[in-house]
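> no FASTA, just this:
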């Protein structure tokens, strides 16, 4: 069997003697026999490192790694500079706990403070937290930040990623807070519909930029509409798109959230990623989770600490705004290293090339008879098309060429595909995709 | 150690300095419409690669992980994080897989989830497990939503109260509140367990359930556990097991056999995955069969053509996270489970208990345990007397431990013990290390008597001394400031 227990027989005997018991079993004298497990665990026998390594490699080999991805919908494959995993694999960063002991954790605290600053810069807001689980839970937490006695309803644009919507729905339902969907018109949030339904019961409006269909929402107008009803505006944003798009802060948003996975994190079958949250100064003290702040020690030296802890569960218990304790700190650091490695110009270039590739892909696909853009509005690096054959047939043809095609949509958009391109997609592979689609549609 | 300030990453570099990451793109293409375009670039660092590398190397030197030394942070189970687990979780077959690929192309991922579920269900005595929760608190909340859905499905909306012992982790009452419950605190008895009379008095037709950690946060196994769960069940409530302390009893006793209906686990504690300076963790929620209809979806199941996703049922609590949880963390825990296997899992638990009892015995004459009984995987000392007689607090001793080259234990928790230090050495520490720690603690104790002022000034070997927490919270600076000239109106 494999084991990470260092005790030898001699150690064990000496330690048992020191404790005053005769056997390991005796250590469990406090556990009533009636709840002791009377059989061995029904697990396989333990194994050596080599055997486990082989078993895990065999598991990994049962997955298909598509050489070409033309699918996003909340998880994106971007270029990751080599230095990013190298830094985030550093043993000390990996094996540290939450930096409760500031004096010996300045490195981790400073890295989080820098991450918070980068989130503030991307979103143009005043304060950010140290991260939450992912973009969807960040949206759920943000909605909770906006609720008060008088205003309990959350408005969610139908243009928000359906998974995010599902998670926000769960967060709201847990405390019996109502949620109302705001419809889209031509793929973007319907401003007229919003104006009709928004009112004094509404705590916030959640929209996504770019939205689930890749389309650009008119955030300044949405902010105005939300604020006119006395509600806050939460913008769930793609952090790479933020390099080019007018920022949530500039548009008047109160809170910006999003999933940091595009910033140097692998797809990883959806996790771990990292949720980021930023807010105006007025809402800073409602942010959930860890926040690192700057202070000094007795000698006046700059120091970083976990701060505003009076908000948190370990102090306030049932009165805390959120229960979050562990977050996604290492993933947050990975995003920060990515941003430092890319720099402002590199990030803008990744965003620009993603957008240009998406538009080039759309042009190629729309040359296939029967393939049309579903929506007329401007888009970033995702877009929806019709598909003249059953989407399953189209996707199988693409899969045969090593391409993961667009995501088949459901509901009213059944029969449509949601495509994505990033800076990683080459003209050749996009032509190949269009060619495969042309063949299957012929 | 140098105490020189490490510049913030924003204080390094030069405007215009950049790194060559992407090929130069050719023809001009689509542009963002001007009204929606960003007005000025984000002020991100502009560094060379070597500056990035050295910056983070400098930060790494000012951090402390399990690989650097003894880390007895109670309730956090800071056991060694095997490197193999990192290697297998970095396999491209796991990292380069899109979460929305069709099921037939992700059979390995689905199998990993199923295998981890099968093994963890056997360890906990549960029938099913969801890996969607990303951390322990998230798993707690998911478990409470399952309980809520169960009562709702039975038309019972009067069960609005969640019973939580006063020794519980702060996440328990916070999770209960986030699940819409009113928290009822249950006091501890003289032995540190649940006060049965208080529990009987509190349990009733408004009880939704009980949240319990066993062994509890004092490191004690509650011997009345079956009576406790019986009381709650008789009142019509369900029992929730907080798995933070499972490391003591895995393979020895199972929450499912103690009468618990729902559990959460912390893969980043019990199952050896690293904590990453705060996360990512993984907090799977396990449940008995009768709670299956309420599981969040999608659910990996065996289908006619291999493993497949089954959508959530009509009575599901709904999604609690995007995609399927912190998948790579589950992969690491799976590798750990394969390594330890049938015999290794209980062996790890027993040695965690042995190490805790050994260290407790070695220091008990100086730092008395709050409850003088054999402990499980952790124990809590009270320094109330030291504080009273010599003015040296648990905080002072903790900070002196930093100067001795180790991470302090959990401080001032559980709240029911005065001047508490909670030690959890874990099974992966050697006897030599425990002896060194005991000697170092004896030295600190001697110093507390001889020169208490020296302890109050600890730590002295770190880049900073004790920070001013009050100032940090009074005028929060939570980001590097914008230059004055660029401040927003």
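Perfect, I can see it now. On a predicted model such as this, the values are computed, not experimentally measured, just so you know.
> So what's the gap between the top helix by length along chain B and the chain middle?
Secondary structure of chain B per DSSP state H: the longest helix is helix B:327-363. Relative to the centre of its chain, helix B:327-363 is centred 16 Å away, using CA atoms, centre = their mean, to the nearest Å.
> Where do the helices of the stretch 251-400 of chain A begin and end?
A:313-316, A:329-366, A:391-399 (DSSP state H, counting those that start in this stretch).
> ok so, going back, what element comes up after the longest helix of chain B heading to the C-terminus?
Per DSSP states H and E, the first helix or strand lying C-terminal to helix B:327-363 is strand B:379-382.
> quick check, that following strand touching chain A?
No - counting by CB under 8 Å from any CB of the partner chain, chain A is not contacted by strand B:379-382; separation bottoms out at 11.8 Å. Where you see a C-beta, it was placed from the backbone N, CA and C, and this is true even at glycine.
> can you list contacts of that strand?
With contact meaning CB atoms under 8 Å, 6 or more residues apart in numbering or on different chains, strand B:379-382 is reached by B:74, B:217-219, B:356-357, B:359-360, B:363-364, B:367-371, B:414, B:417-423.
> After it, which helix or strand is next?
Remark: after strand B:379-382, the chain's next helix or strand is helix B:384-390, criterion DSSP H and E.
> Mean confidence (pLDDT) on that following helix, please.
Averaged across helix B:384-390, the pLDDT comes to 96.
> name the helices or strands packed onto that helix?
Using 3 or more CB pairs under 8 Å, 6 or more residues apart in numbering or on different chains; DSSP states H and E as the contact test, the elements touching helix B:384-390 are helix B:431-450.
> sorry, back to before: put the buried members of the contacts of strand B:379-382 into a PyMOL selection.
Buried members of the contacts of strand B:379-382, defined by 16 or more other CB atoms under 10 Å in any protein chain shown, are picked up in PyMOL with:
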select buried, chain B and resi 74+217+218+219+356+357+359+360+363+367+368+369+370+371+414+417+419+420+421+422+423
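> Show the overlap between the contacts of strand B:379-382 and what lies near chain A.
Okay, of the contacts of strand B:379-382 touching chain A (CB under 8 Å from any CB), that's residue B:357.
> which regions of the stretch 201-350 of chain B lie under the pLDDT threshold?
Of all residues in the stretch 201-350 of chain B, none has pLDDT under 70.
> Say whether chain B is contacted by the lowest-mean-pLDDT helix or strand in chain A.
Within chain A, no helix or strand scores below helix A:313-316, which has a mean of 82 by mean pLDDT, DSSP states H and E. Yes - shown here: helix A:313-316 in contact with chain B (CB under 8 Å from any CB) through A:313, A:314, A:315, A:316.
> My read is that the last one contacts residue B:174, right?
Yes - at 7.4 Å, residue A:316 counts as touching residue B:174 under the criterion of CB atoms under 8 Å.
> Which one's more surrounded, these two?
It is residue B:174, of residue A:316 and residue B:174, that has more neighbours when counted by other CB atoms under 10 Å in any protein chain shown, with 28 against 17.
> Which element, helix or strand, includes the more buried one?
Per DSSP H and E: helix B:171-178 holds residue B:174.
> Over to residue B:53?
helix B:49-61.
> Now that helix: average pLDDT?
Mean predicted lDDT for helix B:49-61 stands at 97.
> Remind me what that helix packs against, helices and strands.
helix A:83-88, helix A:106-123, helix A:329-366.
> Go through those and pick out the most buried.
helix A:106-123 (a mean of 28; mean count of other CB atoms under 10 Å in any protein chain shown).
> Now do whatever helix or strand comes next after that one: distance to the chain's middle.
Downstream of helix A:106-123, the first helix or strand assigned by DSSP H and E is strand A:127-128. With CA atoms, centre = their mean as the basis, strand A:127-128 stands 17 Å off its chain's centre.
> ok so, going back, turn the residues of helix A:313-316 next to chain B into a markdown table, including distance to residue A:301.
Listed next are those as a markdown table, based on distance: CB to CB, whole Å:
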| residue | distance to residue A:301 |
| --- | --- |
| A:313 | 30 |
| A:314 | 27 |
| A:315 | 26 |
| A:316 | 30 |
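> neighbour-wise, which of those residues leads?
residue A:313 (27 neighbours).
> mean confidence score for stretch B:466-478?
On average, stretch B:466-478 scores 94.
> circling back: the least confident helix or strand of chain A - contacts with which helices or strands?
helix B:171-178.
> touching chain A at all, the helix it packs on?
Yes - applying CB under 8 Å from any CB, one finds helix B:171-178 in contact with chain A at B:171, B:173, B:174, B:175, B:176, B:177, B:178.
> May I ask which of those has the most neighbours?
residue B:175 (36 neighbours).
> That residue and residue B:140 touch, don't they?
Yes - counting by CB under 8 Å, residue B:175 does reach residue B:140; the two are 4.0 Å apart.
> so what sits against both of these two?
A:323, B:211.
> Now list whatever residues contact both of residue A:316 and residue B:174.
In contact with both residue A:316 and residue B:174: no residue, using CB under 8 Å, 6+ apart.
> got the contact list for residue 343?
The chain I'm using is chain A. Going by CB under 8 Å, 6+ apart, the list of residues near residue A:343 reads B:17, B:18, B:19, B:44, B:45, B:46, B:47.
> Not quite, go with chain B.
With CB under 8 Å, 6+ apart, residue B:343 has these contacts: A:1, A:40, A:45, A:46.
> Toward the C-terminus, what is the element adjacent to the helix holding residue B:53?
With DSSP H and E, the next secondary element past helix B:49-61 is helix B:83-89.
> Now residue B:81: phi and psi?
With angles defined as degrees, to the nearest 10, residue B:81 sits at phi -100, psi 100.
> mind checking the SS state of the closest residue in space to it that isn't next to it in sequence?
Computed as CB to CB, 6 or more residues apart in numbering or on different chains, the closest residue to residue B:81 that is not its neighbour in sequence is residue B:274, at 3.9 Å. Three-state assignment for residue B:274 (DSSP: H, G, I helix; E, B strand; the rest coil): coil.
> could you measure residue B:274 against residue B:435, distance?
26 Å (CB to CB, to the nearest Å).
> So which of those two has more stuff around it?
Neighbours around residue B:274 and residue B:435, counted as other CB under 10 Å, are more numerous at residue B:274. The numbers are 28 against 13.
> contacting residues around the residue nearest to residue B:81?
Residue B:274 touches A:94, A:95, B:65, B:66, B:81, B:86, B:268, B:332, counting by CB under 8 Å, 6+ apart.
> Over to residue B:240?
Contact partners of residue B:240, counting by CB under 8 Å, 6+ apart, are B:140, B:143, B:144, B:147, B:209, B:210, B:211, B:212, B:260, B:261, B:262, B:263.
> Look up how far residue B:415 lies from the most centrally placed residue in chain A.
The centroid of chain A falls nearest to residue A:259 when counting by CA atoms, centre = their mean (2.8 Å). Plainly put, residue A:259 is 35 Å away from residue B:415 if you go by CB to CB.
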